[in-house]
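Visitor: I'll drop the sequence and a predicted model, then ask my questions.
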Amino acid sequence: MEATSFIALSRQSALQREMSAIANNIANVNTAGFKGQRVLFAEYLEEPRFGEKISYVIDKAVAFDMSEGTLQVTANDYDLTVSGDGFFVVETPAGPRYTRTGTFKPNENGELVTTEGYAVLDSNNNPVSVPMDQGPLLIDEFGFIRTQDGAEISQIQIVAFDNPQTLQRAGTNLFVSLEEPIQPQTARVVQGALESSNVNAVGEITRMIEVHRSYERTSNLIQQEHDRMRDGIRRLGKPSSGA
């Protein structure tokens, strides 16, 4: 197979990975706090012979769209949103994880947990306690939890990262990081609201159509190259009329 086919195949592989990212974005268009992803492409040059260069397509990385989703007000005091650059911290069996999804609830032990049952951590890295006998609790913009009479109970831990693009998915709405978290600069907690997914469904469907068309064009190129090579082989193998 010649270079043209290899180049086309590299393009198809990259398009397949981009289609997977788009499909995952569309599947989570209604998931609170979800952050969309995009595949970043780069050119890879190879020089098989002196003076010859072959350009391949590679998917260099997957980038997160960290823009904020729309704020949706709910009737649940345990629904929380981080407005700004922050993340909630939750404890999982694999260690601490970070999330923008604030769909929380108290468990039977009076701890604030995610829908998966992971404990939300406070500023001392302990599970957040929410005593049920205190009535409705108030949570301010700094994450402090107080009773109706103003008694402080706990503070929800909010962290940020110098480079959020270094985060890696550890589930639909959980992130893991090798980078140490820092104190957020612009984070603000909003009680009784959720951040919607930042995925634009119409835009993603448009991207999906474009990727599908590009894949088809590349497939046609591979088929044309295959036909050209087949015809060339047939002509070379055909006996000359003078033999």
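Guide: Ah, there it is.

Visitor: Okay, helices next: where are they in this structure?
Guide: If DSSP state H is used as the criterion, the helices of the chain fall at 3-27, 201-237.

Visitor: What residues sit buried inside the last one?
Guide: Judged by neighbour count (16 or more other C-beta atoms under 10 Å), helix 201-237 contains these buried residues: 204, 207-208, 211, 214-215, 218, 221-222, 225. Placement of C-beta: from N, CA and C, glycine included.

Visitor: Max pairwise distance over the residues you listed: which two?
Guide: Farthest apart among these by C-beta to C-beta are 204 and 225. That separation is 31.4 Å.

Visitor: Could I get the buried residues of helix 201-237 in CSV, plus columns for distance to residue 186 and pLDDT?
Guide: Putting those into CSV (distance: C-beta to C-beta, whole Å; pLDDT from 0 to 100) gives the following:
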residue, distance to residue 186, pLDDT
204, 27, 93
207, 29, 90
208, 33, 92
211, 34, 88
214, 38, 85
215, 40, 80
218, 43, 79
221, 48, 74
222, 49, 74
225, 53, 73
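
Visitor: which one among these gets closest to residue 78?
Guide: In terms of C-beta to C-beta, no member of these lies closer to residue 78 than residue 204, at 30.3 Å.

Visitor: Would you mind measuring from that closest one to residue 98?
Guide: Residue 204 sits 24 Å away from residue 98, taking C-beta to C-beta, to the nearest Å as the criterion.

Visitor: what does residue 25 give?
Guide: For residue 25, the distance to residue 98 (C-beta to C-beta) stands at 20 Å.
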